[in-house]
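Visitor: The sequence and its predicted three-dimensional model are supplied below.
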Amino acid sequence: MTLSLLFGVHAHQPAGNFPEVFEGAHARCYKPFLEIVHKYPAFRFSVHFSGPLLDYLFDRHPADMHLLEEMVERGQVEMFGAGDTEPVLASIPARDRRGQLERLSRKLEWRFGQRPHGAWLTERVWETTVVPALAQSGIEYVTVDDYHFLCTGKSAEELDGFFTTEEDGERLDLFPISEQLRYRFPFSPASEAVAYLEKLADEGGVSAIYFDDIEKFGIWPETYAWVYEKRWLRQFIEGVLASKKVKTETFHEFHTRHRTRGIVYLPTTSYIEMNEWTLPAPAAAEFAALVKREKNDGTYERHKPFVRGGIWKSFLSRYPEANWMHKRMCSLSRRFESVREKLADDQCEALETHLFMAQANDAYWHGLFGGVYLPHLRRGIYKSLVTLEAGLDHHAPRQPIEVYDIDYDGSDELLMHTSRIQAIVKLDGRAAVCELDAYELGHNFADTLRRHSEHYHARAFEKPMKHADGGDGIASAHDRFHTKHQISPKDVVPHKDGRALFVDFLAAVPVASYEPSAVDVIRRDDAEASQLFVAQQGAVTVQKRLSVREGRLRVDYRIESPAPTDFQTTLDVAMPCCDGYAGRFVHERRILGGFGQVVSLACSERITLDDRYMNGSVIVATSHPVAVDAEPYYTVSQSEDGLEKIMQSVTLTLSWPVTAGSHDTSITFEVRGGLDEKLLEDAASEALA
């Protein structure tokens, strides 16, 4: 019997990724992969490109996309659909699921002349609630892991072909992706991979189903040399085409020729590694220990279906920063839907594009790859959210002050905004700014990820592992581990409270008892909103007024103390440059250093954070001289290249002594678009002098 190899690859780059990453991925993966498979018309396979990546490649590398067009036209390639911007469909509103699916389907029809029959599920995250949107969008089948089926009690031997599920009367067929193939392609030698397929044919198999990241073919460590320079891909294709036991088909061809193996209802899950990553650190450590024991006892494969771990949405519980972005997205989606009918078609499409870009999955979770830990990915989400909000404000203006619980954590938030800036204050007793948006720059200056406890942190202090080299294949990124940076124990101490702007300390003790004054919410005109908070700490009274006007946030403190004391406030300022070369502190015409350096000023009334990457700057000014200390704030996360330290923000600490009696201090946080070239020229001249 001939075995049908259903071979599929998925290509995606996160929204907000750097241009050089796109270009590197194209040079090391997309281009050589397409060039090689184009030479073998008999090798039939399926491809999914996320919408923004497809647009990018057509714009920048049309010759390579022409190869793909040719392969589609001659029937060699089947294009798969999905949500356009690569959202986890289960995590976005149902109306947006349909919109995302339809947008990519239209794009594929325009580019390649055919709408997709199948769809890629982002990270293979399955919830049965996604079935209606997929079916109503014309999708007939999707691919999920064989692990999903094992969790229903199916045996591995039964997972040959496709099955059917339904929800609310809508039908969808499901192909189980083979974990065995995922770990063999392209990591084991090509001859062994082909021999494994032939073994499946000898055992009476009808299909071998593979669908996984194309980035494993060139971008993962060691894979470019292995796949292209050592000719793994060519050898694999030629081995498959030469085999009398294996033939290649697209999923659509196979789906047309065969009937379903029957009805199945899958649990909410993803691939097994994801189910571990989504657990909190203590539970993840227990999960890893359980898996290790099962493997040592030789019972893991038998018991694996009952070793579930968590679900994808638990990332939103585990990382409050991800939950905050998600709930901001959901809120703006509802708001957009409420005004959609009032908008012209071009206005609606523009705002919908920003909404869909804010739903891209990458910054909402964390596993083997950086995800939520990477500031530039979160920055991409916030740019879309802030730009969408500014557009909605233009078409349907809000009140300058709103209060509601954005993130469902039990604490309300206070939103104050002008046409240029928005400050969101969490009413949890700290009266700190948890989001500070500059609409002209499309940036949130309070976007800082706190240090979280991760179960892999303990591995930072282990000896690095050695791996076998090329002759016996290469190690998967799942199996390799090393540290890219020197990491100390203090680098992985978690912080319970979120990082924010204007977190206050009286005599080195956090001020955590601020209450909003119910009678002092004032609106002087359409361009200003203000709120007074009052805290009593021992015998000391602290009044803190936050107000926004034009492009400035102002914080006024009045401290009434019976005796001299000290006061300080910290600001975690998320600057896009992070510790790159394009960001610097400027003070009195002098460049003090980059954002990744420690800076101290004993007495200052003004410091500028200039960011050429952002094409803008922040000016922090005080009503009287204060001490200013700045240092970078780092977190430690894992990626396919190992453990690395990532700068999240600049922590500015402003300190001043408080005399007995009443003491007033004002601080302004002003955002400016563009670069003050004269200021920088003067600073450079001073440095040279």
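Guide: That came in fine, so what should we check first?

Visitor: rest of the way, CA atoms for contacts and neighbours
Guide: Fine.

Visitor: Would you mind confirming that residue 426 makes contact with residue 408?
Guide: No - in this structure residue 426 lies outside contact range of residue 408 using C-alpha atoms under 8 Å: 11.7 Å.

Visitor: what separates the residue positioned nearest the centre of the chain from residue 5, distance-wise?
Guide: Against the mean C-alpha coordinate of the chain, by C-alpha atoms, centre = their mean, the closest residue is residue 363 at 1.1 Å. Distance, residue 363 to residue 5, by C-alpha to C-alpha, to the nearest Å: 33 Å.

Visitor: Equivalent analysis for residue 558, please.
Guide: Going from residue 558 to residue 5 by C-alpha to C-alpha gives 72 Å.

Visitor: Check residue 161 too.
Guide: 11 Å.

Visitor: Give me the common contacts of those two.
Guide: Jointly contacting residue 161 and residue 5 under the rule C-alpha atoms under 8 Å, 6 or more residues apart in numbering are residue 207.

Visitor: Now do the contacts for residue 414.
Guide: With C-alpha under 8 Å, 6+ apart, residue 414 has these contacts: 401, 402, 403, 404, 424, 425, 426, 427.

Visitor: Take those residues and, keeping just the buried ones, write it as a ChimeraX select command.
Guide: Buried residues among those (16 or more other C-alpha atoms under 10 Å), as a ChimeraX selection:
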select :401,424,425,426,427
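
Visitor: now, which of the contacts of residue 414 lie within strands?
Guide: Taking DSSP state E as the definition of strands, these contribute 401, 402, 403, 404, 424, 425, 426.

Visitor: got a pLDDT number for the spatially closest residue to the third one that is not a sequence neighbour?
Guide: Right, residue 403. Once flanking residues are discounted, residue 403 sits nearest to residue 414: 4.6 Å by C-alpha to C-alpha, 6 or more residues apart in numbering. Listed pLDDT for residue 414 reads 97.

Visitor: swap in residue 301?
Guide: So residue 301 comes in at 88 (pLDDT).

Visitor: now residue 649
Guide: 97.

Visitor: Quick check, it in contact with residue 635.
Guide: No - counting by C-alpha under 8 Å, residue 649 stays clear of residue 635, with 9.9 Å between them.

Visitor: and the two? which has more neighbours close in?
Guide: Legend: neighbour count by other C-alpha atoms under 10 Å for residue 649 and residue 635, higher for residue 649 (30 against 21).

Visitor: Just give me how far the helix or strand where the more buried one lies sits from the chain centre.
Guide: Per DSSP states H and E, residue 649 falls inside strand 642-658. Centroid separation between strand 642-658 and its chain, computed with C-alpha atoms, centre = their mean, to the nearest Å, is 22 Å.

Visitor: who does the following helix or strand past it pair up with?
Guide: Sequence-wise, the next helix or strand downstream of strand 642-658 (DSSP H and E) is strand 661-673. Take DSSP bridges as the rule and strand 661-673 pairs in its sheet with strand 552-561 (antiparallel), strand 616-639 (antiparallel).

Visitor: what about the stretch 151-300 of the chain, any weak spots by pLDDT?
Guide: Residues of the stretch 151-300 of the chain meeting the criterion pLDDT under 70: none.

Visitor: ok, which stretches of it are strands?
Guide: Counting by DSSP state E, counting those that start in this stretch, the stretch 151-300 of the chain has strands at residues 163-167, 170-177, 207-213, 246-249.

Visitor: if we can go back for a sec, which of the ones in strands among the contacts of residue 414 lies closest to residue 458?
Guide: residue 426 (32.7 Å; C-alpha to C-alpha).

Visitor: what sits opposite the closest one in the beta ladder?
Guide: Assigned bridge partners for residue 426, using DSSP bridges, are residue 413.

Visitor: rewinding a little: using the three-state scheme, assign the residue nearest to the centre of the chain.
Guide: Classification of residue 363 using DSSP: H, G, I helix; E, B strand; the rest coil returns helix.

Visitor: if I look at the nearest residue in space to it that is not next to it in sequence, how far off is residue 637?
Guide: Distances taken as C-alpha to C-alpha, 6+ apart place residue 372 nearest to residue 363, at 4.3 Å, with adjacent residues excluded. Remark: distance between residue 372 and residue 637 (C-alpha to C-alpha) = 10 Å.

Visitor: Tell me which of the two has more neighbours.
Guide: residue 637 (27 against 22).

Visitor: If the more buried one is in a bridge, with which residues?
Guide: Counting by DSSP bridges, the residues bridging with residue 637 are residue 644.

Visitor: which element is residue 327 on?
Guide: Using DSSP H and E, residue 327 maps to helix 320-339.

Visitor: What residues of the strand holding residue 649 count as buried?
Guide: 642-656, 658.

Visitor: Tell me the one among those residues nearest to residue 461.
Guide: Distances from residue 461 to the buried residues of strand 642-658, taken by C-alpha to C-alpha, are shortest for residue 643, at 10.7 Å.

Visitor: quick one: that closest one and residue 637 touch, right?
Guide: Yes - using C-alpha under 8 Å, residue 643 is in contact with residue 637, at 5.6 Å.

Visitor: circling back to that earlier point, now for the helix holding residue 327, which elements pack on it?
Guide: Here helix 320-339 touches helix 314-318, helix 345-357, helix 375-395, going by 3 or more C-alpha pairs under 8 Å, 6 or more residues apart in numbering; DSSP states H and E.

Visitor: Not counting its own residues, what contacts that helix?
Guide: Outside helix 320-339, the residues that reach it (C-alpha under 8 Å, 6+ apart) are 92-93, 315-317, 351, 355, 358-359, 363-365, 372, 381-382, 385, 388-389, 392, 396, 406-407, 449.
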